[in-house]
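# Return a 3D structure for these sequence lines:
(one chain, ligands or ions: 3)
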Amino acid sequence: MALIVQKYGGTSVGSPDRIKNVARKVAKFRAQGHQVVVVVSAMSGETNRLIALTKEVASNPTPRELDVVVSTGEQVTIGLLCMALEDIGVPAKSYTGGQVRILTDSLHTKARILDIDEAPVRKDLDEGKVVVVAGFQGVDEHGNITTLGRGGSDTTGVALAAALKADECQIYTDVDGVYTTDPRIVPEARKLDTITFEEMLEMASLGSKVLQIRSVEFAGKYKVKLRVLSSFEDREGEGTLITVEEDKNMEQPIISGIAFSRDEAKLTVVGAPDKPGIAYQILGPIADANIDVDMIIQNVGHDGTTDFSFTVARGDLDKAVKVLEGVKAHIGAREIETDKSMCKVSIVGVGMRSHPGVASQMFRTLAEEGINIQMISTSEIKISVAIEDKYLELAVRALHKAFGLDAAV
Ligand code: ADP
Ligand code: ASP
Ligand code: MG
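Numbers count the residues shown, from 1 in each chain. Ligands and ions are numbered 1, 2, ... in the order given. Next comes the predicted model:
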């Protein structure tokens with residue numbers, strides 16, 4: 001007998017029939033003698049609908065009330081799934097985040113889980129019930145409802161698995177595992193049987209939304225056995241296991257996957273004085289405004305001035321421009337230029353460590369497609385480039401092929 005935490009995403013619970021399908025799947029595991037805790041997302045499209053609704057009544061809703069509204073999607077699915085389970089003879093009990101007591105900090109819309117009281121869940125499991133928990137939500141120390149950021153149900157699943165010391169955390173979604181890149185963009189993408197935590201962390205942080213990055217961090221930290229699989233029966237299989245150690249016996253591919261993000265914008269401070277402290281004077285106020293900076297370039301100065309460029313998430317662009325307008329006057333720069341049409345493409349692989357020349361192969365591939373690289377950033381196991389977003393698909397497909405990731409046909 002094992003204790004399994006299963007998380008089903010929005011598409012997997014997207015209609016009454018699909019919820020019944022999930023109920024049958026859960027019943028099957030229980031019939032095999034396992035204890036099952038299920039975490040569900042809101043029905044697909046529901047969180048977007050709720051966010052749109054809030055924007056119709058207020059231009060800038062307060063984060064606390066935003067969380068009150070957007071957390072409701074998951075409350076619907078926990079109830080429906082429990083009903084569907086009971087309907088096929090499986091005793092089940094639903095919990096909102098606050099009812100389990102998934103305690104978070106108070107950072108509304110991107111709260112972090114601090115603690116989970118797993119005792120009530122364990123008691124229900126021992127009584128033979130399936131426990132169904134609302135993903136994406138928690139409660140802070142004052143009893144306020146919080147949410148964990150888009151895709152946060154993954155993190156609820158892994159955090160519950162860690163708290164319960166579950167044997168495995170299974171993330172059921174609309175693809176049958178983690179692929180070499182998003183199969184919606186590259187039909188030739190291949191499913192990976194395993195991927196290391198390090199690589200999965202990079203893939204998630206660089207834009208692959210198959211797992212929320214915090215869920216991967218949690219799984220790494222608490223040694224949760226984490227697997228991504230398909231919730232659709234016709235595609236059932238072993239999925240992809242996220243592994244701690246790279247398999248030393250296997251020849252490591254140089255590149256394991258390609259991640260991308262469309263959500264990028266570039267800002268350039270033109271004609272900033274070229275002197276010590278300028279990067280700090282520009283980026284300090286940006287950091288104070290809670291804006292994450294990604295890639296940075298400071299060009300060589302001419303005539304005592306320089307251009308300083310960096311990228312931020314597109315949603316933060318307007319806020320960043322406001323901050324820089326103040327900075328511009330203060331440091332005496334000429335102007336602030338912005339470019340919204342940027343994207344980021346990254347190649348990821350632990351095999352890069354032992355293979356020089358990966359960057360040059362990446363740059364050559366992009367050059368052959370006539371794609372201009374605007375910014376570059378690297379770490380030990382990834383190389384990212386910022387390019388114009390109209391080239392995103394072309395770049396991802398060309399790199400996928402060039403690094404030998406295309407499935408054999
Ligand atoms: P869920 O609603 O189940 O949480 P998501 O839409 O959040 O599902 O994540 C699954 C989606 O992630 C897939 O449909 C796929 O388009 C996308 N995706 C992006 N990168 C990858 C990748 N490397 N492997 C698999 N899926 C990926
Ligand atoms: N429903 C939330 C979202 O759409 C959380 C999730 O699905 O993981 O982001
Ligand atoms: Mg998701």
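# For whichever residue of the stretch 201-350 of the chain sits closest to ligand 3, give its distance to S360.
Taking Cβ to the ion as the measure, the stretch 201-350 of the chain has K209 as its residue closest to ligand 3, at 5.8 Å. No exception for glycine: its C-beta is placed from N, CA and C like everyone else's. As for K209, its distance to S360 is 30 Å (criterion: Cβ to Cβ, to the nearest Å).
# out of those two, which sits in the busier spot?
K209 (15 against 9; other Cβ atoms under 10 Å).
# How about the more buried one, nearest residue that isn't a chain neighbour?
G151 (5.8 Å; Cβ to Cβ, 6 or more residues apart in numbering).
# That neighbour: what's it in contact with?
Contacts for G151 (Cβ atoms under 8 Å, 6 or more residues apart in numbering) come out as K209, L211, Q212.
# ok, of those residues, which one's closest to ligand 2?
If you rank these by distance to ligand 2 using Cβ to the nearest ligand atom, Q212 comes first, at 6.7 Å.
# element containing the closest residue to that closest one other than its chain neighbours?
Distances taken as Cβ to Cβ, 6+ apart place G151 nearest to Q212, at 3.8 Å, with adjacent residues excluded. Using DSSP states H and E, G151 falls within no helix or strand.
# which residues sit in contact with the residue of the stretch 151-300 of the chain at minimum distance from ligand 2?
For the stretch 151-300 of the chain, the residue closest to ligand 2 is S153, as judged by Cβ to the nearest ligand atom, at 3.2 Å. S153 sits next to K7, G9, V39, V40, S41, E74, G135, F136, Q212 when contact means Cβ under 8 Å, 6+ apart.
# Could I get the contacts of G151 in JSON lines, plus columns for distance to E335 and pLDDT?
Converted to JSON lines, those look like this (distance: Cβ to Cβ, whole Å; pLDDT from 0 to 100):
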{"residue": "K209", "distance to E335": "35", "pLDDT": "92"}
{"residue": "L211", "distance to E335": "40", "pLDDT": "97"}
{"residue": "Q212", "distance to E335": "38", "pLDDT": "97"}
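# So which of these are in strands?
Using DSSP state E, the subset of the contacts of G151 located in strands is empty.
# before we move on, back to that, phi and psi next, for the residue nearest to Q212.
The phi and psi values for G151, taken as degrees, to the nearest 10, are phi 80, psi 10.
# now the helices for the stretch 151-300 of the chain?
Along the stretch 151-300 of the chain, counting by DSSP state H, counting those that start in this stretch, helices occupy 153-163, 197-205, 213-221, 278-288.
# let me redo that: the stretch 1-150 of the chain
Going by DSSP H, counting those that start in this stretch, the stretch 1-150 of the chain shows helices at 16-31, 46-57, 63-70, 72-87, 97-100, 119-126.
# So which of those is nearest D167?
helix 16-31 (11.5 Å; Cβ to Cβ).
# Can you check what angle separates that closest one from helix 72-87?
Here the directions of helix 16-31 and helix 72-87 differ by 60 degrees (axes from the mean of the first three to the mean of the last three Cα atoms, to 10 degrees).
# Quick check: buried residues in helix 16-31?
R18, I19, K20, N21, V22, A23, K25, V26, A27, F29, R30 (16 or more other Cβ atoms under 10 Å).
# what pLDDT does the last one get?
To tie it back to what came earlier, the one meant is R30. R30 is assigned 95 on the pLDDT scale.
# For it, give its distance to M1.
Applying Cβ to Cβ to R30 and M1 gives a distance of 10 Å.
# so what sits against both of those two?
With Cβ under 8 Å, 6+ apart, R30 and M1 have no common neighbours.
# Next one: the residue in the chain positioned nearest to ligand 1 from I381, what distance?
Nearest to ligand 1, among the residues of the chain, is G9, at 1.7 Å (Cβ to the nearest ligand atom). The gap separating G9 from I381 is 27 Å, by Cβ to Cβ.
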